[in-house]
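[1] pasting the structure only:
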């Protein structure tokens, strides 16, 4: 709330499972950290970080066998981190953790084999009681003396920030705007200055974590043609696995201006820039699959022979940057693939235009639905693709039920908003689908499994006292006359 205008500026929907919460805003008020013991198990500590702009959960972490001791944002600007200290249940030992809200990664610190100490301590509570953090300052009271130290000057802190293993982005690719924007801007600058070079047609390895990617070239002398595939190698503690290989595109031997820009993102996904658009690939179990696809829609499924490959890439990237500026927190909505994709022959590039299963992934993938569900529905409506619309609608309802029953109200609200904001358009498209009727029948009497923990038994609201019980006398505040009328009709008294 703005105390000057006395108006609410943001609303956060906390989950059912949170009880007494500790909250902290970061320095520029763009993030809200909420920590609380689970209402089902007080020995389980939950930490949520919300975006104050969208109200969406940025990240969530669960710590079993911990009590909350300290929660604060420390550092300035891009060096800002969430610092959490937990007391191990049934011991007097503490463990500290650091979360980078920019990368959504959470790292163990203190004595967890990282060599990182914000405070030199003996794991007793006294050391933590005497220290506090305010922005870029470490404050210590020792022997009745006040010590103030700049966090940014602390050696262990600067060493930590320089360790790239900690800084690797592990969040969803759709929010990885900063890294993707930087690579596209660098590529665009290089192309406009004419500094690009033809891509070698040899199999090449691209290292990353947790995936290593391979772009494989297989030459057919009969067709005088290169078949180009993607494959990934997944690293794990147990063993290294290789995925299947996926056909990406093909080029004839006669092509001179073959241009393909590749970057392994910090979360392991693969970003490709081609004349046909921008693609992001990921690993799903033992398969590589297309996660995101964008191209200037005016060129979708059209030959662009009037443009050089270089100009095609430049025009696509220029338009993408413009779109990215309009969606500064997430990537622009992906382009809906054709229902029956066909190859695209562009200046002797034979593109395997798009993964024909990508729409099925989008319909089932919860994170894609949260970010782009409305856009996908409206694009499907424009194309009159009723079967896919209903698949998306049903999957959305399914995810809503899962989130509601687990107490994840924040994500439940984002998912259900996709349906409620499109119901009118869906009914206008085809009333025979009866989507409003189906929606109301599914959600009208939703009661979460954990509802009893969230209800205040001393509430003055009678209907909340009896949540989950079908008691007609308490569902709403009714008059005595209404109750008598109901009893008469219910028992057939005339």
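    Cool, the structure landed. None of these values were measured; they are calculated from a predicted model.
[2] now the helices: where do they sit in this structure?
    Taking DSSP state H as the criterion, the chain carries its helices at 125-129, 155-162, 164-167, 177-192, 309-326, 358-364, 366-382, 386-405, 409-420, 423-429, 435-443, 451-454, 462-465, 480-490.
[3] lowest-confidence stretch among those helices?
    Ranked by mean pLDDT, those bottom out at helix 462-465, with a mean of 46.
[4] what sits opposite residue 81 in the beta ladder?
    Following DSSP bridges, residue 81 is listed with bridge partners residue 74.
[5] how about the helices of the chain in a markdown table, adding mean neighbour count and distance to residue 265?
    (Glycine included, C-beta is placed from N, CA and C.) Listed next are these as a markdown table, based on neighbours: other CB atoms under 10 Å; distance: least, CB to CB, whole Å:
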| stretch | mean neighbour count | distance to residue 265 |
| --- | --- | --- |
| helix 125-129 | 13 | 37 |
| helix 155-162 | 14 | 20 |
| helix 164-167 | 13 | 13 |
| helix 177-192 | 16 | 6 |
| helix 309-326 | 17 | 15 |
| helix 358-364 | 18 | 18 |
| helix 366-382 | 19 | 15 |
| helix 386-405 | 18 | 25 |
| helix 409-420 | 20 | 24 |
| helix 423-429 | 15 | 34 |
| helix 435-443 | 15 | 37 |
| helix 451-454 | 15 | 39 |
| helix 462-465 | 14 | 46 |
| helix 480-490 | 11 | 61 |
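[6] Report the residue ranges of every domain in this structure.
    By the assignment in automatic domain parsing, the chain contains the domains 22-167, 170-356, 357-454, 455-490.
[7] Could you count how many residues lie near the closest residue to residue 87 other than its chain neighbours?
    Once flanking residues are discounted, residue 87 sits nearest to residue 67: 4.4 Å by CB to CB, 6 or more residues apart in numbering. Close neighbours of residue 67, defined as other CB atoms under 10 Å, add up to 16.
[8] so residue 67 touches residue 86, yeah?
    Yes. At 6.5 Å, residue 67 counts as touching residue 86 under the criterion of CB atoms under 8 Å.
[9] any shared contact partners between the two?
    residue 45 (CB atoms under 8 Å, 6 or more residues apart in numbering).
[10] residue boundaries of the strands in the stretch 101-250 of the chain?
    Taking DSSP state E, counting those that start in this stretch as the criterion, the stretch 101-250 of the chain carries its strands at 105-108, 131-134, 137-142, 145-150, 204-206, 211-220, 225-234, 241-242, 246-252.
[11] Tabulate those (a markdown table), appending mean pLDDT and mean neighbour count.
    Output for these, formatted as a markdown table (pLDDT from 0 to 100; neighbours: other CB atoms under 10 Å):
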| stretch | mean pLDDT | mean neighbour count |
| --- | --- | --- |
| strand 105-108 | 55 | 17 |
| strand 131-134 | 73 | 15 |
| strand 137-142 | 78 | 14 |
| strand 145-150 | 82 | 10 |
| strand 204-206 | 92 | 13 |
| strand 211-220 | 91 | 17 |
| strand 225-234 | 89 | 20 |
| strand 241-242 | 86 | 12 |
| strand 246-252 | 84 | 19 |
